[in-house]
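>>> Need a 3D model of the following:
(chains A and B)
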Protein chains: 2
Amino acid sequence: MLDRFKVPEEDKVYVPVEKITKVTENILKSSGVSEDGAKNSTSVLIGNDLRGVETHGVSNGLRLYVEKYASGQYNSSPDIKIIRESATTATIDGDNGLGAEIGPLAMDMAIEKAEKYGMGCVVVSNTGHLAGCGYYPLQAVEKDMIGQAMTSGGAGLTVPTWGSEPILGTNPVAWAAPADEMPPFLFDIATTQIASNKIGLALRTGAKILPGWITDKDGEPILEEVDAPQRSGRHGESNYHLLPFGGTRENGSHKGFGLGMVVEIMTNELSGMGPAPVLHHEGSDMFAAYSIDAFTDVKKFKKDMDLLLNKIVDSKPASDYERVVYAGLMESEEYTKRSQEGIPYHKEVIEWFENYCSEIGIDCELR
Amino acid sequence: MLDRFKVPEEDKVYVPVEKITKVTENILKSSGVSEDGAKNSTSVLIGNDLRGVETHGVSNGLRLYVEKYASGQYNSSPDIKIIRESATTATIDGDNGLGAEIGPLAMDMAIEKAEKYGMGCVVVSNTGHLAGCGYYPLQAVEKDMIGQAMTSGGAGLTVPTWGSEPILGTNPVAWAAPADEMPPFLFDIATTQIASNKIGLALRTGAKILPGWITDKDGEPILEEVDAPQRSGRHGESNYHLLPFGGTRENGSHKGFGLGMVVEIMTNELSGMGPAPVLHHEGSDMFAAYSIDAFTDVKKFKKDMDLLLNKIVDSKPASDYERVVYAGLMESEEYTKRSQEGIPYHKEVIEWFENYCSEIGIDCELR
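Presented below is the predicted three-dimensional model:
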């Protein structure tokens, strides 16, 4: 994550992992979520916070989820059903449960199929926010597999290359692969120039939005640095829209738009939900696992990954930089650091926790 | 493809598909390639030319292949072996055959596995140039499947984000999915700002290289418009290197670099060849097929694809553009047009064909 999105030092409150985990689980259970469901969702959210992906941790997510549980938009006790299944595939109806609750189960299912048949892929329809994609492929990595996840939560945000109307969502995708001694490769991106949640973070940290990151309300790219806008309206009526990664056609925005389309197709069309840009539903998710053992020797694969990852880390940086990294390395370092020192939340986030817990009458020991 | 890479009108020679197909097959057979092998490779190359992807057609490719067959670097009669196999996966040793000869067979195998088990994935090691990825996923589309292909031909070309040494190749990837009445979605990209072959094309057409597309020999990004450089040297000794798509970190080059790494891992590490940036081999390929029927109703999927694709095509373009397109639409239009009018080759390409055929003593009826 670029420095501009990080919480300023003076606003940080460090919270130990066990404390934030316990309070988050209790908040979800107070919303009616089951013990196992709360454990799953919390593991995803805190996992993201530990890797430094606070855009998809408790800061932005939790307050939204409890509101949606309260309003009935999310189902806190979903009846999760398999609606189609083959040796390697399954299509799940999530019954409006939170994506982050169902995701770990769906990825486990894909892994189980990959153990038996070499590959597994599970799509989940009728489900809420997945809290990013990065957590799930790491479940596969734990089992010496390559993992992949995609989600299409929320269409009507991103303007296609050459277009002016917001059509796709931020449509993130992640892949992960294990190494032997090096931290795993974990590539976890939105297919837009900037993740939607990062605009929320920028509002909180005062960060600027760079040229070519967003468009104005008419879909024309904003090509100078601006303050983060406060979103008003959705589905074509917002005061700004997102650009696919690349930004402009000459700089390759058709690559971001195309990969966003892949995500839309592999989630909404493959799960049978139908196109989110047309039907305006909350989207769906896809999880896949590839058993490395089905293709090659696992030990050799992991040693080869070490060779590859070390080649990158040992290479000479460009003149303005201190080192070269691969996707997942800094996240792994952050994970280790935050596991020891606690997770640095913005003080405003801690205040929300304390106020909300007090409101619903549960303990909130964070400081 | 951007206009700057297209063959100028006055340099075009239009050649009917049957004529260029016959001559290309005959040239390959003269190099010792089998009847079936020549048919496969030619179908890939002319398929690319028909879709307007002349970077990966006969213009740049064929002269290189015949040289490599002649020097023994490519094996014209490869003994293709399966070295590991599971219900859904296979790892093939290509015995140094041309990638474009083996690719169609490998994708057929993935499709056959997906028909039985829902998914199929085949990786091919020890193989030469694949001629891009776009052709292969369309094989899956013909069978109502989603197709995917990746190749890591040639490392030592692309500088990582924050780095200065060229490490990865251009590492292209493609996905395709069928629709009902609309032309199929086909997303086919290099994970660099510009495909290597496009620099060859730019040299031929006189096109300029845009800011942020390449670096100088020391790995520093060139941030102004320059003439296309003539490459000298490889593996770190070139006079220029490529940048991952995005160009700079602030504009998201970590996304191009990360996707390039996914391709490296899913090809070289998964096939057991080991990291091309370390071992400097010619790379390997990956082909995957997802049976739509294993996930959802095929008819509904294709109708939903029509809804999605029409939503994009019917949306309002940005102020400087005439229409909005999705990946694969213009390629499909070009395919129809070129099937009727012939394929427009640069006159210099036709001269190469005529000279080469005369040299090896075969017919060359193209004009």
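
>>> what's the neighbour count on A:His56?
26 (other C-beta atoms under 10 Å in any protein chain shown). C-beta: built from backbone N, CA, C; applies to glycine.

>>> For chain B, see how far away it is.
For A:His56, the distance to chain B equals 17 Å [C-beta to the nearest C-beta, to the nearest Å].

>>> ok, now A:Asn355?
36 Å.

>>> chain center to the helix or strand in which that residue is found: distance?
A:Asn355 belongs to helix A:347-360 when assigned by DSSP states H and E. Centroid separation between helix A:347-360 and its chain, computed with C-alpha atoms, centre = their mean, to the nearest Å, is 24 Å.

>>> In that helix, which residues are buried?
A:Val349, A:Ile350, A:Trp352, A:Phe353, A:Tyr356, A:Cys357 (16 or more other C-beta atoms under 10 Å in any protein chain shown).

>>> elements contacting the helix or strand bottoming out on mean pLDDT in chain A?
Ranked by mean pLDDT, DSSP states H and E, the weakest helix or strand in chain A is helix A:196-205, scoring a mean of 77. Helix A:196-205 sits against helix A:58-71, strand A:208-209, with contacts defined as 3 or more C-beta pairs under 8 Å, 6 or more residues apart in numbering or on different chains; DSSP states H and E.

>>> Give me the contacts around the first one.
Helix A:58-71 has contacts (C-beta atoms under 8 Å, 6 or more residues apart in numbering or on different chains) with A:20, A:24, A:27-28, A:31-33, A:41, A:45-46, A:49, A:54, A:74, A:76, A:98, A:100, A:128-129, A:131, A:197, A:200-201, A:345-346, A:349, A:352-353, A:356.

>>> Report the contact partners of A:Ile199.
By C-beta under 8 Å, 6+ apart, the neighbours of A:Ile199 are A:Ile209, A:Ile214, A:Ala228, A:Pro229, A:Arg231.

>>> Chain B versus that one, what's the distance?
Applying C-beta to the nearest C-beta to A:Ile199 and chain B gives a distance of 15 Å.

>>> Spell out the residue ranges of the strands in the stretch 251-367 of chain A.
A:285-291, A:343-346 (DSSP state E, counting those that start in this stretch).

>>> got these as CSV, with mean neighbour count columns?
What follows is the strands of the stretch 251-367 of chain A, written out as CSV (neighbours: other C-beta atoms under 10 Å in any protein chain shown):
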stretch, mean neighbour count
strand A:285-291, 29
strand A:343-346, 22
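
>>> Among those strands, which comes closest to chain B?
Among those, strand A:285-291 comes nearest to chain B, with 6.8 Å by C-beta to the nearest C-beta.

>>> So what are the sheet partners of that closest one and their directions?
Next to strand A:285-291 in the sheet, as set by DSSP bridges, lie strand A:119-127 (antiparallel), strand A:145-151 (antiparallel).

>>> how about those in a markdown table, adding mean pLDDT, mean neighbour count and distance to B:Gly328?
A markdown table is the format used below for those (pLDDT from 0 to 100; neighbours: other C-beta atoms under 10 Å in any protein chain shown; distance: least, C-beta to C-beta, whole Å):
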| stretch | mean pLDDT | mean neighbour count | distance to B:Gly328 |
| --- | --- | --- | --- |
| strand A:119-127 | 97 | 28 | 22 |
| strand A:145-151 | 98 | 28 | 19 |
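
>>> phi, psi of A:Gly132?
Torsion angles at A:Gly132 (phi, psi; degrees, to the nearest 10) stand at phi 80, psi 180.

>>> Find the residue closest to it in space, skipping its chain neighbours.
A:His56 (3.4 Å; C-beta to C-beta, 6 or more residues apart in numbering or on different chains).

>>> That neighbour touches A:Ile46, doesn't it?
No - assessed by C-beta atoms under 8 Å, A:His56 is found out of contact with A:Ile46, at 10.8 Å.

>>> one step back: report the buried members of the contacts of helix A:58-71.
Buried among those (16+ other C-beta under 10 Å): A:20, A:24, A:27-28, A:31, A:33, A:41, A:45-46, A:49, A:54, A:74, A:76, A:98, A:100, A:128-129, A:131, A:197, A:200-201, A:345-346, A:349, A:352-353, A:356.

>>> Checking my notes, A:Ile194 in a helix, right?
No - under DSSP: H, G, I helix; E, B strand; the rest coil, A:Ile194 sits outside any helix and is assigned coil.
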